[in-house]
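> need a structure here:
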Amino acid sequence: MVMHIDPVAGLSYSSLKRSRARGGLSYEAIAYIAAAIDFLWLFSASTLGYIAYEYVAFGIYDDLSLHVGIGLVVSTIFVLAMSGAGAYQPEKLVLPGQQIFSICVLFTSTLAFLFTVLFFLKLGSTFSRGATLFAASGSLAGLVSMRYLWRYRLPHAIARGTFLMKQVLLICRDEFSVEPLEWRAAESGMAIAQVIRLSGDDATMPCSSEILHSVYSGGIDEVLIVWSEANSAALKECLVALRRSTLPVNVVFDGFMAGIMCYGCERIGGMAAFQTQRPPLTFLERSLKRAFDVVFALVSLAVLSPMLLIVALAVRIESKGPALFVQSRNGHGNRAFRILKFRSMTVMEDGSEIQQATRNDKRVTRVGRFIRSTSIDELPQLWNVLCGDMSVVGPRPHALAHDQLYSNLIEQYAFRRHVKPGLTGWAQVNGCRGETPTVDRMEERISYDLWYIDNWSFWLDIKIICRTFVCLQDVSKVY
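Prediction:
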């Protein structure tokens, strides 16, 4: 997932271009700074956490050498693991949801590895459980807090030109909109210093002299070509001209080609191949996903059963009708099933024409407004998961009437039923929740669903579940 940097009020993109003249740290230094801060924090938390706990609990503390050594081991392993996962890249530092997930997984794994080693070395009894828990809690709290600090301060620092940005020569077609790319290029430490636009005959015959003059004029660190046409001859001529320079050259494809290039590249018989549609899940993958669904649904129903009963009672008391709303939906392989939801409206629509809920919809009850905003109305679908009609993670199922409508409007709509529908999905954790008033909004949701299907993994499901809990803090669902 890419970092999005919005223009900061009172600042302009020109500050990025001036960053070279003003000086400053290299953009690549951000990753090293983040790693160093994590290392120092974990090392300090291990030592100071032990001192604080022992002093508060017993009024005295013993030799610190052992805890200093443990702090060095924990901080080193954790930082190396985060670096290996690419978590210190600037564009990822500003995504707190992903960062917190990585921290929880890797920090817990680091402690588990350490305790396993200590157990086999028979050193476990030398550590105070209370001091260890205190230090671990402080370490985790500090790491999470710093992620929110990165989230809010790093975009401001980049926009102010604090870091030394690469000066880029952009080559693109005349109709290409440069402004959105300026801020996206800043995500990778690039500032667009010059732009060469190709239009008409120039799109077929690039002006080599103009390109090389811009390159040799000085101040350019890299060349970026945005190509939207399948004119390989013109692109080749442009690249051949740039061979006379020593600068790095990157090509970004726009339009249809961009959709193909976003898939992972594989080698088939020595040739580069982009798999635009993966095969169905294997038996092992389906078994793993199903086993997780059953365990998750059973545990969730057991834990949430008191709350589910209270919500059902509240729905019945406020308005006439059943507590549960049952509606037909299309599932995996286009097989129909009956989905369960807490009733949040005064109507029970399940026909050929269904009106989507909208903001301030008068059909929504007071209890319904609350349970829709918190997604509690979807919890009865845990029973659908247990029965095998749904999965915990997958494309959200739509009403049959909407399926029929969008199948005719969106060519790839039906492919989302390549897997079981889910309680939550990749589209939902990327902001595509609630009402879809336009076809464009539905196409955006479908694009996320198709990406999930083509890139499925067990760890992606875990990531989506964790991000779902983070997203639920923002009551943004429309009614």
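> measure the closest residue to Ser319 other than its chain neighbours to Pro306 for me?
Leaving out its chain neighbours, the residue that sits closest to Ser319 by CB to CB, 6 or more residues apart in numbering is Thr365, at 5.2 Å. Where you see a C-beta, it was placed from the backbone N, CA and C, and this is true even at glycine. Going from Thr365 to Pro306 by CB to CB, to the nearest Å gives 22 Å.
> quick one, which of those two is more surrounded?
Taking other CB atoms under 10 Å, Thr365 and Pro306 do not tie; Thr365 has more neighbours (19 against 8).
> coming back round to it: the residue nearest to Ser319 reaches Ile317, doesn't it?
No: the pair Thr365 / Ile317 is not scored as a contact, 10.5 Å apart, by CB atoms under 8 Å.
> What about Glu282, how many residues nearby?
Actually, residue 282 is Thr rather than Glu. 9.
> for Lys320, same thing?
6.
> Distance-wise, check it relative to Tyr32.
Plainly put, Lys320 is 64 Å away from Tyr32 if you go by CB to CB.
> which residues in the stretch 51-200 of the chain form strands?
For the stretch 51-200 of the chain, the strands defined by DSSP state E, counting those that start in this stretch occupy 163-164, 166-173, 190-198.
> ok, now the stretch 301-450 of the chain?
Here the stretch 301-450 of the chain has its strands, by DSSP E, counting those that start in this stretch, at 324-330, 336-342, 391-393, 422-424.
> how about CSV for the ones you listed, with mean pLDDT added?
Shown next, in CSV, are those (pLDDT from 0 to 100):
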stretch, mean pLDDT
strand 324-330, 87
strand 336-342, 91
strand 391-393, 94
strand 422-424, 92
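> Which among those strands is found nearest to Ala273?
Closest approach to Ala273 among the strands of the stretch 301-450 of the chain is made by strand 391-393 (27.5 Å; CB to CB).
> That closest one - contacts with which helices or strands?
Judged by 3 or more CB pairs under 8 Å, 6 or more residues apart in numbering; DSSP states H and E, the packing partners of strand 391-393 are helix 283-318, strand 422-424, helix 458-471.
> ranking those by burial, who's on top?
strand 422-424 (a mean of 24; mean count of other CB atoms under 10 Å).
> Parallel or antiparallel, list what pairs with that strand.
Strand 422-424 has the following strand partners under DSSP bridges: strand 391-393 (parallel).
> Tell me the spacing between Gly425 and Leu301.
Gly425 is 20 Å from Leu301, where distance means CB to CB.
> And for Val392?
Distance from Val392 to Leu301, by CB to CB: 12 Å.
> cool, Asn408 as well?
Asn408 is 37 Å from Leu301, where distance means CB to CB.
> isn't Leu301 right up against Leu382?
Yes: Leu301 is within contact range of Leu382, at 5.3 Å (criterion: CB under 8 Å).
> what residue ranges in the stretch 351-479 of the chain are flagged as low confidence?
351-362, 434, 472-479 (pLDDT under 70).
> how's the protein carved up into domains?
27-159, 165-274, 283-471 (automatic domain parsing).
> Ends of the shortest one, what's the gap?
If I follow you right, that is domain 165-274. Using CA to CA, to the nearest Å, the end-to-end distance of domain 165-274 comes to 31 Å.
> so for that domain, what's the average pLDDT?
Domain 165-274 shows a mean pLDDT of 74.
> Now for Ser145: which residues touch it?
With contacts defined as CB atoms under 8 Å, 6 or more residues apart in numbering, Ser145 is in contact with no residue.
> for Ile100, same thing?
Ile100 is in contact with 144, 147, 466, 470, counting by CB under 8 Å, 6+ apart.
> So Val168 sits against Ile192, correct?
Yes: with contacts counted by CB under 8 Å, Val168 reaches Ile192, the gap being 5.1 Å.
> So those two - more neighbours on which side?
For Val168 versus Ile192, neighbours defined as other CB under 10 Å are more numerous around Val168 (25 against 22).
> Quick check: the gap between that one and Ser188.
According to CB to CB, Val168 stands 10 Å off from Ser188.
> Distance from stretch 99-115 to the middle of the chain?
For stretch 99-115, the separation from the chain centroid amounts to 19 Å (computed by CA atoms, centre = their mean, to the nearest Å).
> just to revisit the earlier point, dump the helices and strands packed on strand 391-393 into JSON lines; add distance to Glu182 as well.
Formatted as JSON lines, the helices and strands packed on strand 391-393 follow (distance: least, CB to CB, whole Å):
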{"stretch": "helix 283-318", "distance to Glu182": "41"}
{"stretch": "strand 422-424", "distance to Glu182": "34"}
{"stretch": "helix 458-471", "distance to Glu182": "28"}
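> and of those, who's closest to Cys104?
Cys104 lies closest to helix 458-471 among the helices and strands packed on strand 391-393, at 7.8 Å (CB to CB).
> Other residues contacting that closest one?
With contact meaning CB under 8 Å, 6+ apart, helix 458-471 is reached by 96-98, 100-101, 104, 285, 288-289, 292, 392-393, 424-426, 428-429, 433, 452.
> One more: stretch 283-298?
The contact list for stretch 283-298 (CB under 8 Å, 6+ apart) reads 281, 382-383, 385-386, 388, 391-392, 456, 458, 461.
> Could you pick out the buried ones from those residues?
The neighbour-count test (16 or more other CB atoms under 10 Å) marks 281, 382, 385-386, 391-392, 456, 461 as buried among these.
> mind listing the helices for the stretch 1-150 of the chain?
With helices called from DSSP state H, counting those that start in this stretch, the stretch 1-150 of the chain shows them at 14-17, 19-22, 29-58, 65-84, 90-93, 96-120, 129-159.
> Out of those helices, indicate the one that is most buried.
Greatest burial across these, using mean count of other CB under 10 Å, falls to helix 90-93, with a mean of 22.
> how distant is it from the center of its chain?
So, by CA atoms, centre = their mean, the centroid of helix 90-93 is 11 Å from its chain's centroid.
> Please shift the residue numbers so they start at 26 in all later answers.
In the new numbering, first residue 26, that becomes helix 115-118.
> Return it as CSV; C-alpha atoms alone will do.
What follows is helix 115-118, C-alpha atoms only, in CSV (Å, rounded to 0.1, in the frame of the first residue of the first chain):
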residue,chain,number,x,y,z
PRO,A,115,8.9,6.7,4.0
GLU,A,116,5.7,5.9,2.1
LYS,A,117,4.9,3.1,4.6
LEU,A,118,5.9,5.1,7.8
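> Does anything pack onto it? Which helices or strands?
Counting by 3+ CB pairs under 8 Å, 6+ apart, the packing neighbours recorded for helix 115-118 are helix 54-83, helix 121-145, helix 154-184.
> Quick one, which of those helices gets closest to Glu468.
Closest among the helices and strands packed on helix 115-118, using CB to CB: helix 121-145, at 24.1 Å.
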